[in-house]
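S.K.: Quick check, what structure comes out for this input:
(3 chains)
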Amino acid sequence: MSINMHPNRLLQPSAIVRHAVLLTTGALILVPFVWMVSLSIKPPGEIFRASFSFWPAQIYGVENYTKALTEAPLPRYMGNGLIVCALILGLQILVCAPCAYALAKLRFPGRDLLFAMVLIGLLLPHQVLSLPLFVLSYQLGILNTYAALIFPYVVSPFGIFLFRQFFKTIPDDVVHAARLDGLSEIAIVWKIMVPMALPALAAFSIFSIVGHWNDLFWPLIAVRDESLMPPPLGIMAFKSEESGNDYGPLMAASTLIVLPLVVAFLAAQKWFVEGMTGGAVK
Amino acid sequence: MASVSIDGIDKNYGATSVLRSVSLSIADGEFLTLLGPSGCGKSTLLRILAGLEVQDAGSLSIGERAVDNLRPKRRDVAMVFQSYALYPHMTVASNMGLPLRMRRLSTFQRLPLLGRLLPGTARIAAEIDAEVTRTAKSLGIGHLLARKPGQLSGGQRQRVAVGRAMVRHPAVFLMDEPLSNLDAKLRVQMRAEIKELHQRLGATFVYVTHDQAEAMTLSDRVAVMLDGELLQVAPPQEIYADPDDRRVAEFIGSPKINMLDGVVRERGLIDVAGSTLAIGADALAGAHLTLGIRPEAFHLAERGGPGALTGFVRMIEHMGSDLFVHLDLAGGDHPLIARLLAERAPDIAPGQTLHVGVRPDRVLLFDRNGRRLRQEVESGRASVTPIREVAR
Amino acid sequence: MSEPLALTGAPNEPSATGIVRALPSPAAAPARRRAFTEALAAWALAGPAVFFLLALFFLPVIGVFVIALTDWQFGALTLSFVGLANFREVFADDGFRASLVNTIVYVLIVVPGTLVFGLLIALLIESGKSCRSFYRAIHFLPFMATLTAMAVAWEALLHPTIGLVNQTLAAIGLPTANWLRDENTALPVLAVIGIWQNLGYAMVLFLAGLKSIPQDLYDAADIDGADLWLDRFRTVTLPLLGPVSMFVVIVVALRAFESFDTVKVLTQGGPGHASEMLLYTLYRESFEYLRTGYGAAVATSFSPSS
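M.R.: The predicted model follows:
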């Protein structure tokens, strides 16, 4: 007998199997995280003395984390990540929400064409465009600046798409009422539509922040200066400097970079899942 | 074909009690309706009968066979769901054939591709196809067999769901609000079809609905449920005319029955809303009672005073042959609805004062706990008998 | 009743047709003006987005194609069109061919692996009521953790001497390997990391898909006799997950095609070309070797494949 509909008799064994399997797979999933944290609090001697133990004999966390924070400009990397993510998100909302409103609620010639453009943008692998974007930022003279990190992402086809889908679910009567109340179209976007679309806004914000905090590809191309590097690029720079000899601080740095998103995720799991799956999950 | 016996069923979800010692026996071939407002436990009872849920206490038998420990498959019941629960990826023919495939083909014979090569599969599959086709034709959906549920109208889906239940000739049909997803016109039509189906098949039907019209038109007996309890089980006309409980009287009938507070003055007389009615109540003088009077039990009276109620016409709803007259009764703020024949009440206008008489034998009496009190009036007594004569 | 008749313009009623003809001009002028202002407002609202879509998506697409047809090197002042020479070079290049094959192999491992594990874990989570969000959180964690940093952790885990993987294998008497430096294991290891990262995503989508299957269908299956787990799964669960599965396949395949971070951090495409993948090739040729035209040709060949 397998799991069937007589819970009274079969709940116990099947529940045990369920927990056993999920705890095992969950543990396997977590191994890299645990190993990373474990190494980050071990002294060098213990790291290179091969051993199974996750918990160090001598706790060396303070030293490793201090080294990570001082030898590499880790706070700087994270500050860069914060600045870049915040600016990208702000600009994306500013550019995408009005466009999404026009697509969702207004009738105008070229609407279908515009929406087709958005869909094409959605499907285009962005990295393919890195060469011309690199040339463009060179021409604009913004290579190796924050601007270079930000400008390719000012418009997000996904953002337009997501907002459009959400705006479409808001009844037309709301828009009509707002017009009768004397609001201009742009005021309708910011005073009516966006506040009503807060779930979509939250989902998109998480999608955007997670994506750009974690992005390695474009920063690798756009900036050389260590003081401009966002976290993933910073960790790569740190890694090549240390050339693999000093695992403790490297793992401490990795832990610190992963930490903000993990903490935020655990605090707002539902929103993260919704944002990261692009609203495909209701 | 089978009788159904339900004995002392309890069901709790956590701390909430959904069914409290429900007992009911249903005769072989009977059409029994479980009627009640949403949340009264009627669907839960049906699901327990089907085996989709397990009762906390009590026992069930279908056709003299205890089914408490049987899976739904083995209970010889079929169910029609409110949502129809058709498998969206299967054609009508596959939907209807599934119960037969699951019973007649072995696990190996059901394997995709490979199963068809096994001995016997082809023959059984052909039999199943033939039975499905026959059933579909009898329901008038023979031409839809190759379609998928998504391509069907509501009424067609409903027929497929019925067909899926019929095809294996179950002893008991369970129907959970099968018509409530249809529009009003189609609902009436399908209601008639279900009644016809019951007469044709002669199987036992247990039908759940919150719609009293369905319950009244379809059933041999109606079981009225409220808050997890069975209030009354009786034929439709008895449920309407002779309810055991105030809640039954209030649930059945539209517009709703009028409930007026009254006090027994003396034997055979009850004071109500500033008037006095000659009704023999089995209660002591001074006792407080509730009088239930259906709107159509009223008729126009020429004058007020004893035997009639006097009120102020607030509003009139014209229903064609009938008028629904909303009155505010003189003695206090009792609202009242009287259903009068339009031709007999030509000139009523809002704002005027109106006298309505009532036949004492049409008055239902309830005590303060809502229990029905039987009248001591001989039936057939003239309704407009002036109260003084009776008093004398 | 007379108005609809008049509007159809019955030919035997000249006066009615006259009215119909007369009607549009005064009525349509405001309507047309209204449509015009609405269109104007729409384009004004969409303007910035349109500008950036053109500048950051559509011009670069054209740019990539144009560059791919030239011998231009970044920084050079002159360029000349060389036709399809870059493409010929790309497809004659063993490195690119290896990269293409590796990418396909990688996708063919990661997509089914992610799909199967994601579905199994979703089914297990959904089969009970307790600890759902706990299990969901754990399995979803890798999908949002910074992959570059996690790749560093994986490197430590896979270290030939002090890594947990080899220590464990040695302890239970299984052969160990230098996972990231062995041309037989480098790509499969990257694929395992790919599955590790993406299965939580598939799981979450499958969980949503499972939740959207109406309970009525399972009830109907019970009554119809499909009451064993496998029958229920085959009759209801699997067919109704079809659309979700399709979506998962497409999105995970796209993500797998675009794998870069693990290659860059862990193997740099090595040893030899054993773990080189398209996006890494694109990056290295364009931005490390500055073979701009060649890189653009790789980019143009990359997009249709993904």
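
S.K.: quick check: longest helix of the chain.
M.R.: I'll assume chain A. In chain A, ranked by residue count with DSSP state H as the criterion, the top helix is helix A:7-40.

S.K.: you looked at the wrong chain, it should be chain C
M.R.: In chain C, assigned by DSSP H, the helix with the most residues is helix C:94-126.

S.K.: give the contact list for whichever residue of chain C sits closest to chain B.
M.R.: Here chain C gets closest to chain B at one residue, residue C:225, 3.3 Å apart by CB to the nearest CB. Quick note: C-beta positions are derived from backbone N, CA and C, even for glycine. For residue C:225, the contact set (CB atoms under 8 Å, 6 or more residues apart in numbering or on different chains) comprises B:73, B:98, B:99, B:102, B:103, C:231.

S.K.: need the helices for the stretch 1-150 of chain A, in chain order.
M.R.: For the stretch 1-150 of chain A, the helices defined by DSSP state H, counting those that start in this stretch cover A:7-40, A:44-48, A:61-71, A:74-105, A:111-123, A:130-139, A:146-150.

S.K.: Of all these, which one comes closest to chain B?
M.R.: Closest approach to chain B among these (CB to the nearest CB): helix A:7-40, 6.2 Å.

S.K.: May I see the buried residues of that closest one?
M.R.: Within helix A:7-40, the residues that count as buried by 16 or more other CB atoms under 10 Å in any protein chain shown are A:14-15, A:18-19, A:22, A:25-26, A:29, A:31-33, A:35-40.

S.K.: And stretch A:253-262, by the same measure?
M.R.: A:253, A:254, A:255, A:256, A:257, A:258, A:260, A:261, A:262.

S.K.: and the residues you listed as a markdown table, adding distance to residue A:231, pLDDT and secondary structure?
M.R.: Output for those, formatted as a markdown table (distance: CB to CB, whole Å; pLDDT from 0 to 100; DSSP: H, G, I helix; E, B strand; the rest coil):
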| residue | distance to residue A:231 | pLDDT | secondary structure |
| --- | --- | --- | --- |
| A:253 | 9 | 89 | helix |
| A:254 | 9 | 91 | helix |
| A:255 | 12 | 93 | helix |
| A:256 | 9 | 92 | helix |
| A:257 | 4 | 91 | helix |
| A:258 | 9 | 92 | helix |
| A:260 | 9 | 92 | helix |
| A:261 | 10 | 90 | helix |
| A:262 | 13 | 91 | helix |
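
S.K.: re earlier: TSV for the contacts of residue C:225, including pLDDT, neighbour count and distance to chain A?
M.R.: Shown next, in TSV, are the contacts of residue C:225 (pLDDT from 0 to 100; neighbours: other CB atoms under 10 Å in any protein chain shown; distance: CB to the nearest CB, whole Å):
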residue	pLDDT	neighbour count	distance to chain A
B:73	86	19	10
B:98	91	24	17
B:99	90	24	16
B:102	88	21	14
B:103	85	12	17
C:231	86	20	10
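
S.K.: The residues you listed in helices, which ones?
M.R.: Among the contacts of residue C:225, the members found in helices (DSSP H) are B:98, B:99, B:102, B:103, C:231.

S.K.: Phi first, then psi, for residue B:9.
M.R.: Dihedral pair for residue B:9: phi -80, psi 130, per degrees, to the nearest 10.

S.K.: and the residue found closest to it once you drop the neighbours it is linked to in the chain, helix, strand or coil?
M.R.: Nearest residue to residue B:9, sequence neighbours excluded (CB to CB, 6 or more residues apart in numbering or on different chains): residue B:58, at 3.7 Å. Three-state assignment for residue B:58 (DSSP: H, G, I helix; E, B strand; the rest coil): strand.

S.K.: Contact partners for residue B:58?
M.R.: By CB under 8 Å, 6+ apart, the contact list for residue B:58 reads B:6, B:7, B:8, B:9, B:10, B:21, B:22, B:23.

S.K.: Please indicate which of the residues you listed are buried?
M.R.: By neighbour count, with 16+ other CB under 10 Å, those hold B:6, B:9, B:22 as buried.

S.K.: Turn those residues into CSV, columns for pLDDT.
M.R.: As requested, these are exported to CSV (pLDDT from 0 to 100):
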residue, pLDDT
B:6, 92
B:9, 91
B:22, 92
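
S.K.: and which of those residues is nearest chain A?
M.R.: Taking the buried ones among the contacts of residue B:58 together and measuring to chain A by CB to the nearest CB, the closest member is residue B:9, at 15.7 Å.

S.K.: contacting residues for that closest one?
M.R.: Residue B:9 touches B:19, B:21, B:22, B:23, B:45, B:48, B:55, B:57, B:58, B:59, B:60, counting by CB under 8 Å, 6+ apart.

S.K.: Please repeat the previous calculation with a cut-off of 7 Å.
M.R.: Neighbour list for residue B:9: B:19, B:22, B:45, B:48, B:55, B:58 [criterion: CB atoms under 7 Å, 6 or more residues apart in numbering or on different chains].

S.K.: my guess is the fourth one contacts residue B:11, does it?
M.R.: Yes: counting by CB atoms under 7 Å, a contact exists between residue B:48 and residue B:11, whose distance comes to 6.5 Å.

S.K.: Report the set of residues contacting both of the two.
M.R.: Common neighbours of residue B:48 and residue B:11 (CB under 7 Å, 6+ apart) are residue B:55.

S.K.: re the thing from before, where among the helices of the stretch 1-150 of chain A is the average confidence lowest?
M.R.: Sorting those by mean pLDDT places helix A:44-48 lowest, at a mean of 75.
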